[in-house]
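>>> have a look at this prediction, sequence included:
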Protein chains: 2
Amino acid sequence: MAEVNGKIRIKDIAELAGVSKGTVDRVLHNRGEVSRASREKVEKVLEEINYHPNIHASALASKKRYNFHCILPDHETADYWAYLEMGIEKQVEELLDLNVNVVIHYYNQYDVDSCRQVYASIPDLKPDGVLMSPLFKDSSNAFAAKLKELNIPFVFVDSQVEGVEPLAYFGMHSYQSGHLAAKLLVGDQYDIKDIVMFHAKRKGETGANQTIQRKAGFMAYIKENNPDCRIHSVGLYWNDRDKNDIIMDQFFRENPGIKNSVIFNSRVYMVADYFKKSAMKDMTVLGYDLVDRNVKCLKNGAVSYLIAQRPEIQGYRALKALAQHLIYKQEVKPVNYMPIDILTAENIDFYVNFPSI
Amino acid sequence: MAEVNGKIRIKDIAELAGVSKGTVDRVLHNRGEVSRASREKVEKVLEEINYHPNIHASALASKKRYNFHCILPDHETADYWAYLEMGIEKQVEELLDLNVNVVIHYYNQYDVDSCRQVYASIPDLKPDGVLMSPLFKDSSNAFAAKLKELNIPFVFVDSQVEGVEPLAYFGMHSYQSGHLAAKLLVGDQYDIKDIVMFHAKRKGETGANQTIQRKAGFMAYIKENNPDCRIHSVGLYWNDRDKNDIIMDQFFRENPGIKNSVIFNSRVYMVADYFKKSAMKDMTVLGYDLVDRNVKCLKNGAVSYLIAQRPEIQGYRALKALAQHLIYKQEVKPVNYMPIDILTAENIDFYVNFPSI
DNA sequence: ATTTAAATTGTGTCCGTACACAAATTATAT
DNA sequence: ATATAATTTGTGTACGGACACAATTTAAAT
C-alpha cells in the first residue's frame, strides 16, 4: 500500500520562513531583489519541505502571453503531415488555457521558394517559439541560424539539419529504420538473392535526406548479413503512373523472380498497386508511413510491412517541448528519436484505433 | 495559416443571457433548479458561442475530493507490472492538483486468497473509483459485481473478465497478438514444419486467460496459413531451472532440427538462456513483454522478437479514465485494445528510450 | 389578501499563484 | 543628523470557476 499527498502552499513557506509570500515568490522565481538573509531563510524551508506549485493556480494567475509558430509542408488529409498536425492541435488544446497562441504556416514541400518566403515572414511576428519541419536543408539552416540570433527557441520535427542546435528534435532515426527494414524484408533468409528498391526521381534542394539515410541503413544491413544479395535500384516518377508502369514492366521483364521490394517513403501503395494490377502475387513489399492508402494495402496483403514513426506524437511532443522550456522552465531532452514501429496486417488495427495521445 | 482562440467566460455568458453567473453555472453543471425560461436563455447563448471552461480555474476552485484505489499484483522492479505502475504514478502526478488521492494495493498473483483479501478490504475505504488487474477470474468477477452494486466505477488493466462491464478496459487483444506471433515466427516460410511452444505448468485459479487466448490465436494462424506445420507443446516450471533443463534436453533430443519456438509470456529469457547454454545457435525465439532480461536477450540475439503492449500507457490511461469519467464527466471508451508492438534488436533501443508518456 | 413554503436567482468568497504597487528598511549624500 | 535615493519587503488584487448562502420571486395554503 503506497500513498501520495502533502499540500504546502506559498503562504505556508512564507510563514515558516518568517517572510512574506512576496519574498517567497521572488526566491522561487528568481525575480526582483532579495536580501541574502531572506533568501537563505526561504531556501532552508524549501529544502526541508517538498513544495510542488499548484499548476492550475499558476496557469490561472499567469499574465504572460505566448505566440508559437509552426511551419509545416502543405498536405492532404490523412497523410503523414496531417497526422503530425493532429498532434499539434492536440497540444494546442492543452496550451489554450496557458495563454498560448499557436499559428500554423504552410509551405509547398516541392518549392524551396515558398518555404523561404514563410521563413522570411516569421521574424516580424515576434514568435516566442518556433516548430518547424526542416525539409529544405540550406534554407532551414539559415532560418535556424536567424532564430538563434534572435534568441527564439525552435524545435525540429520529422527531420534534422546539422549546423544549428534546436531546442529539441523529434523524429525517426532514419538509418536505423533502414536496418530494420532490411531485417524484416530478408532477415536471415539467405536464399533471398535479389531485392528491388524503388526511389523517387526528383530534383532540387528537396530533402530526401531522410530517405537517403534509410537507404544507407538498409544497404549496410544487407551487406553485413546477406552480402551475396543484390540490390536493384529503380527510379520512379510519383506523379506519372503511366511512365512508372513502363519502367516497372521493363524491370521485371529483365529481372524475373525478384520477390522482395522496398520503398523508403510513403508511396509504397503505388508500387503495391502495380503489383496487384500486374497480378504479381507473392511479392513481399515494405514501405514507410501509415497513410490511409498504405494501410489499405497492408490489410489486403499487397504490402507486408509498414514502418511508422508516430507522427501525431512528434507534433504533440515538439510543441509541448516549447511550452516546457518557455513556460515551465523545465529541461527538454534535445534529441528524441521516435520508436520505429512495425506494422503488419495482424497488428495494424490496434495501432490505428488506439488514440496515441 | 490557421489560428485558434476565443476566450469567453461564465460571466460573459451570464451577461449575454441576462442572468447571473450562478444560473449559468447551474445550467452548465445541471445542478440546482433553473426555470425553463432561464435555462433556455443560457442554452441559446451557449449554442451561439463556443465556451470552453478554463480547466485550471475549474480545478483550482473545485472543492471535491476523490479517492481512487488500484489493485495490482505485487512485483519486482522493472517487470511488466512495474511498468504499468509507473504509468499509474505518472497519472497520479497529474491528478494531484485535482484533489485526487490514489492508493495502490498489492496482492500475490500466485495466491488467490491474498487477492480476495485485498478485494474484501476495499469497500470500507469508500473509493470513488477502482483500477484493477483481474488476474483471478472468479474472485475478480465477484468483486466487480460488488463494485457495480455499490455504484463504484472500476477499470480493468491487462486482462478482462466477462460478466460485469467495467467503465473501461485497457489491455492487449490476446488472440490477435497470437496471430501476429505466428506471422512473425513462420510467416509464409512454408519450409518450417515444426514449432515448439512452451507453457507454464501451474495450478489454481490463476488467470492464464491471457496466455490461453494468445495460444489460440497462434494456433489458428498456423492452421490456416501453414496447416502442415506441427506444434509441439512443452510444459515448464518457471521456478525450477534444473527440472526445465532436463525437460528441454529430452525434448530436443527427441525432436532435433526444430528451429522455431514461442512462449506466450514474459519468461522467454529462460528459454533463451537455455538455448544459449546448450549452444543451440540459429534458434528463432519469440516471446512477450519488455522486461529487462528479455530486452537483454533481444539485443544479444538470443530472442528474435518480443511482442509488447505498452504497460505504462495502460496504467496511465486507465487511471485517467476514472478521472475523465468522475471529474470531467467525459465519455470514456469502454474497450481500449493496446497497440501490439513488435520489437527486434533493430528497434528496441528507440522503444525503451522514448518516454511513452 | 396574507402568510408560509417552495422554487428560483443573485452575490460573494475561496481556491493558490503571479505580479503590481505601496510600505518599510537600509545605504548614500550632504 | 537629515534628506534622498536605493534596496528590500509586505500587501492586495486579479485570474475564472465552484459552491455556499442570502435574496428574491413565484406558488400554495389558509
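Cool, got the structure. Residues are numbered from 1 along each chain as shown, chains lettered A, B, ... in the order given.
>>> give the rounded mean pLDDT of the helix or strand where A:Asn336 lies.
Assigned by DSSP states H and E, A:Asn336 falls within strand A:335-337. pLDDT averaged over strand A:335-337 equals 97, rounded to a whole number.
>>> again with stretch A:115-122
Per-residue scores along stretch A:115-122 average to 98.
>>> helices or strands up against the helix or strand just after the strand holding A:Asn336?
Downstream of strand A:335-337, the next assigned helix or strand under DSSP H and E is strand A:341-343. Judged by 3 or more Cβ pairs under 8 Å, 6 or more residues apart in numbering or on different chains; DSSP states H and E, the packing partners of strand A:341-343 are strand A:305-308, strand B:341-343. Placement of C-beta: from N, CA and C, glycine included.
>>> export those strands to CSV and tack on mean neighbour count, distance to B:Gly18 and mean pLDDT?
Shown next, in CSV, are those (neighbours: other Cβ atoms under 10 Å in any protein chain shown; distance: least, Cβ to Cβ, whole Å; pLDDT from 0 to 100):
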stretch, mean neighbour count, distance to B:Gly18, mean pLDDT
strand A:305-308, 24, 53, 97
strand B:341-343, 25, 55, 97
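>>> in CSV, list those strands along with distance to B:Trp238.
Output for those, formatted as CSV (distance: least, Cβ to Cβ, whole Å):
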stretch, distance to B:Trp238
strand A:305-308, 33
strand B:341-343, 22
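>>> can I get the ones you listed in TSV including distance to DNA strand D?
Formatted as TSV, the helices and strands packed on strand A:341-343 follow (distance: least, Cβ to the nearest atom of the strand, whole Å):
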stretch	distance to DNA strand D
strand A:305-308	38
strand B:341-343	38
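>>> and stretch A:17-25 with DNA strand D, contact?
Yes - applying Cβ under 7 Å from any atom of the strand, one finds that stretch A:17-25 is in contact with DNA strand D at A:Gly18, A:Val19, A:Ser20, A:Lys21, A:Gly22, A:Thr23.
>>> quick check: the last one touching A:Ala14?
Same thing as A:Thr23. Yes - the criterion here is Cβ atoms under 8 Å, and A:Thr23 meets it with A:Ala14 at 7.0 Å.
>>> on that earlier part again, of the residues of stretch A:17-25 next to DNA strand D, buried ones?
A:Val19, A:Thr23 (16 or more other Cβ atoms under 10 Å in any protein chain shown).
>>> now A:Phe68. Its backbone dihedrals?
Per-residue torsions, A:Phe68: phi -110, psi 140 (degrees, to the nearest 10).
>>> all helices of the stretch 1-150 of chain A, in order?
Listed in chain order, the helices of the stretch 1-150 of chain A (DSSP state H, counting those that start in this stretch) span A:10-17, A:21-29, A:36-48, A:55-61, A:80-96, A:112-121, A:137-150.
>>> chain B is nearest to which of those?
Among the helices of the stretch 1-150 of chain A, the nearest to chain B by Cβ to the nearest Cβ is helix A:55-61 (4.1 Å).
>>> chain center to that closest one, what's the gap?
Distance of helix A:55-61 from the chain centroid (Cα atoms, centre = their mean, to the nearest Å) equals 29 Å.
>>> now that helix: buried residues?
Buried residues in helix A:55-61, defined by neighbour count with 16+ other Cβ under 10 Å: A:Ile55, A:His56, A:Ala57, A:Ala59, A:Leu60.
>>> most widely separated two among these?
A:Ile55 and A:Leu60 (9.5 Å; Cβ to Cβ).
>>> list residues touching both of these two?
Taking Cβ atoms under 8 Å, 6 or more residues apart in numbering or on different chains as the contact rule, the neighbours common to A:Ile55 and A:Leu60 are B:His56.
>>> ok, which of the helices and strands packed on strand A:341-343 comes nearest A:Lys259?
The nearest among the helices and strands packed on strand A:341-343, by Cβ to Cβ, is strand A:305-308 at 13.9 Å.
>>> after the closest one, next one along is what?
Toward the C-terminus from strand A:305-308 - assigned by DSSP H and E - lies helix A:311-326.
>>> pLDDT weak spots in chain A?
Low-confidence segments of chain A, defined by pLDDT under 70, are located at A:1-6, A:202-208.
>>> tell me the domain ranges of it?
Per automatic domain parsing, the domain ranges recorded for chain A read A:10-53, A:66-172+A:311-339, A:174-308.
>>> distance between the ends of the first one?
Across domain A:10-53, the terminal residues are separated by 8 Å (Cα to Cα, to the nearest Å).
>>> how about the helices in the stretch 151-300 of chain A?
Along the stretch 151-300 of chain A, the stretches classed as helices by DSSP H, counting those that start in this stretch are A:174-185, A:209-225, A:241-254, A:268-277, A:292-299.
>>> what does the fourth one rub up against?
Meaning helix A:268-277. A:198, A:236, A:238, A:241, A:244-245, A:248, A:261, A:263, A:283, A:285-288, A:291, A:293-294, A:296-297, A:302-303, A:306.
>>> how much distance is there from that helix to the middle of the chain?
With Cα atoms, centre = their mean, you get 27 Å for helix A:268-277.
>>> cool, and stretch A:119-139?
Averaging C-alpha positions (Cα atoms, centre = their mean) puts stretch A:119-139 16 Å from its chain's average.
>>> picking that back up, among the contacts of helix A:268-277, name the buried ones.
Counted by 16+ other Cβ under 10 Å, these give A:198, A:236, A:244, A:248, A:261, A:263, A:283, A:285-288, A:291, A:293-294, A:297, A:302-303, A:306 as buried.
>>> hmm, back to that, list just the nearest of the residues of stretch A:17-25 next to DNA strand D to B:Met132.
Minimum distance to B:Met132 across the residues of stretch A:17-25 next to DNA strand D is 42.4 Å, recorded for A:Lys21 (Cβ to Cβ).
>>> how near is the closest residue in space to that closest one that isn't next to it in sequence to A:Val42?
Among residues not flanking A:Lys21 along the chain, A:Ala14 sits closest, at 4.3 Å (Cβ to Cβ, 6 or more residues apart in numbering or on different chains). Distance of A:Ala14 to A:Val42, given as Cβ to Cβ, to the nearest Å: 8 Å.
>>> hang on, the earlier thing: mind listing what's buried in the strand holding A:Asn336?
Across strand A:335-337, burial judged by 16+ other Cβ under 10 Å covers A:Asn336, A:Tyr337.
>>> what's that strand packed up against?
Packing partners of strand A:335-337 (3+ Cβ pairs under 8 Å, 6+ apart): strand A:168-171.
>>> strand partners (parallel or antiparallel) of the strand it packs on?
According to DSSP bridges, strand A:168-171 forms sheet pairs with strand A:154-158 (parallel), strand A:335-337 (parallel).
>>> dump it to PDB, restricted to CA.
Listed next in PDB are the C-alpha coordinates belonging to strand A:168-171 (Å, rounded to 0.1, in the frame of the first residue of the first chain):
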ATOM      1  CA  ALA A 168      14.700  19.700 -29.400                       C
ATOM      2  CA  TYR A 169      14.300  17.200 -32.300                       C
ATOM      3  CA  PHE A 170      11.500  14.700 -32.600                       C
ATOM      4  CA  GLY A 171      11.800  12.300 -35.500                       C
END
